[in-house]
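In: Build the 3D model from these lines:
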Amino acid sequence: MKQKIIIQAKMTCDKCRSEAMGIAAVADGVSSVTIAGERKDQVVVVGNGVDSINLTMSLRKKLGHASVLSVEEVTDKPKPTQATSTPTQATSTPSPVSWAYCAYQPPLIYKPVYEEDPPNCSIV
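Out: Numbering: from 1, shown residues only. From the prediction side, this is the model:
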């Protein structure tokens, strides 16, 4: 049974997306992996007998958040011989830019502050 699984994951940069595709590609039974969604935060996996729960758990370990949106069976449809469909233009509004950063944070650097003439100590 060939199935299509759509998993929404926390992918904020290209490195996160390539990690997600790598994790999904090595899962058992996967035949194709694509990134979808307006914010490119959905992994679409098509394969035969893919375990959606194990795949989601693997993505959670690496990316932090992942949830299954849909699992559906894929049926092969015969292609029509005549291509009479006309392309339609979809008017979409641009999605708002969300600034997100990856997990890397530079270390904090502390510098001691020296006073030239420290006050006299009044502790006796």
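In: so where is this protein shaky, pLDDT-wise?
Out: Along the chain, segments meeting pLDDT under 70 span 78-106, 113-119, 121-124.
In: what about I6, neighbour count?
Out: Neighbour count of I6, defined by other CB atoms under 10 Å: 17. Any C-beta I mention is one placed from the backbone N, CA and C, and that applies to glycine too.
In: in stretch 49-65, what counts as buried?
Out: V50, S52, L55, T56, S58, L59, L63 (16 or more other CB atoms under 10 Å).
In: tell me the contacts of the second one?
Out: With contacts taken as CB atoms under 8 Å, 6 or more residues apart in numbering, S52 has the following neighbours: I5, I7, V68, V71.
In: just the first one next, same as before
Out: Going by CB under 8 Å, 6+ apart, V50 touches Q3, I5, A27, D28, G29, V30.
In: By neighbours, which of those residues wins?
Out: For the contacts of V50, the largest neighbour count, defined by other CB under 10 Å, is 22 neighbours, found at I5.
In: Am I right that that residue sits in a strand?
Out: Yes. Under DSSP: H, G, I helix; E, B strand; the rest coil, I5 sits within a strand.
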